[in-house]
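Novice: below are the sequence and a predicted model; questions follow.
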Amino acid sequence: MSLKNKVAVVTGGNSGIGKAIALELARQGANIVINYRSRPEDTADLERQINALGSQAVGVQADVSKLPELDRLIQTAVAKLGRIDIMVNNAGIESRTSLLDTTEQQYDSVLDINLKSAFFGTQLAARQMIQQGAGGRIINITSVHEDWPMPGNLPYCLSKGGMRMLTRTAGVELAPHNILVVGVGPGAIATPMNQATLQNPAQAAKLNAAIPLGRVAKPEEIATVVAFLAGDGASYITATTIFADGGIMQSSPGL
Ligand code: NAP
């Protein structure tokens with residue numbers, strides 16, 4: 001249990017990839033703050049699953065696109081569990097809109113939820129970690145689209161591209177404090193975000209065929225990467241992104 005007595009905050013932690021991360025970090029011994037926006041009953045259920053693994057779990061409802069709520073999340077984590085060792089900026093949405101049809105509201109909500117929350121989540125967690133004086137890990141869930149254009153999903157690509165540079169620049173700025181900042185870039189993962197595609201047999205077949213490993217991934221296959229990056233074995237990885245995409249970035253330009 002390499003993360004015994006560590007405290008992790010996972011934003012957007014009650015579904016999809018965030019939920020799998022919360023469970024995997026708990027399996028490694030960490031106590032977990034589950035941030036969520038809706039479905040408190042799912043959070044309560046996840047808290048029970050984490051407790052059954054022998055770890056503590058605290059659910060905190062907060063809209064992480066708003067700085068005062070993000071600040072309250074961090075303060076609650078410290079008040080309830082004493083410290084923060086691992087910050088996972090995972091909350092995210094898509095608008096599936098192109099340059100020509102994106103509204104200001106769509107732009108603001110995708111950029112605020114995906115990028116602004118990761119920027120200030122990194123800032124607030126880093127301030128806490130510096131105060132604690134024992135280093136820390138900040139893991140940003142980006143996407144293959146931090147680097148790979150996706151026509152028809154421009155605000156999302158913009159937000160993930162921003163997270164790419166957040167990860168690199170904050171990683172360099174925080175290195176003297178031994179706070180490591182790493183991105184995890186998933187390819188296509190079976191979560192509520194991809195439900196429409198995966199429930200359409202033709203679209204699902206096209207997607208699977210475009211992936212060298214021949215299938216979308218389970219959220220747990222991202223969570224194990226995050227757990228590795230949070231642990232002792234990843235002590236020399238910072239200011240970069242680890243992709244877990246089944247090879248898709250190397251094989252399917254223009255999917
Ligand atoms: P998901 O199941 O829809 O999870 C997204 C989570 O973010 C949900 O729990 C959602 O809460 C939460 N969230 C959204 N806005 C929020 C806000 N303002 N404050 C707090 N939480 C908020 O989708 P997912 O696939 O697991 O996505 C997790 C991350 O992985 C995202 O950053 C996404 O971009 C990234 N990713 C996913 C894939 C993929 O193929 N699935 C690929 C690459 C990257 P509500 O449900 O209550 O809105």
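Specialist: Nice, I can see it.
Novice: longest strand of this structure?
Specialist: The longest strand of the chain (DSSP state E) is strand 179-186.
Novice: show me what it pairs with in its sheet, parallel or antiparallel.
Specialist: Taking DSSP bridges as the criterion, strand 179-186 pairs within the sheet with strand 136-141 (parallel), strand 240-244 (parallel).
Novice: in a markdown table, list the ones you listed along with mean pLDDT, mean neighbour count and distance to residue 80.
Specialist: Backbone N, C-alpha and C define where each C-beta goes, glycine included. Formatted as a markdown table, these follow (pLDDT from 0 to 100; neighbours: other CB atoms under 10 Å; distance: least, CB to CB, whole Å):
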| stretch | mean pLDDT | mean neighbour count | distance to residue 80 |
| --- | --- | --- | --- |
| strand 136-141 | 99 | 27 | 18 |
| strand 240-244 | 98 | 17 | 30 |
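Novice: quick one: low-confidence ranges for the stretch 1-150 of the chain?
Specialist: 1 (pLDDT under 70).
Novice: that one against the ligand: which residues are in contact?
Specialist: The stretch 1-150 of the chain comes close to the ligand at residues 11-12, 14-18, 35, 37-39, 63-65, 90-93, 113, 141, 143, as judged by CB under 6 Å from any ligand atom.
Novice: let's see the ChimeraX selection covering just the buried ones among those.
Specialist: The buried subset of those, as determined by 16 or more other CB atoms under 10 Å, is captured in ChimeraX by this line:
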select :11,12,14,15,16,17,18,35,37,63,64,65,90,91,92,93,113,141,143
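Novice: quick one: the helices in this structure?
Specialist: For the chain, applying DSSP state H gives helices covering 16-27, 40-52, 67-81, 104-110, 117-132, 154-174, 195-199, 201-210, 220-230, 248-251.
Novice: got these as a markdown table, with distance to residue 240 columns?
Specialist: Below are those laid out as a markdown table (distance: least, CB to CB, whole Å):
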| stretch | distance to residue 240 |
| --- | --- |
| helix 16-27 | 19 |
| helix 40-52 | 29 |
| helix 67-81 | 25 |
| helix 104-110 | 24 |
| helix 117-132 | 15 |
| helix 154-174 | 7 |
| helix 195-199 | 29 |
| helix 201-210 | 25 |
| helix 220-230 | 10 |
| helix 248-251 | 15 |
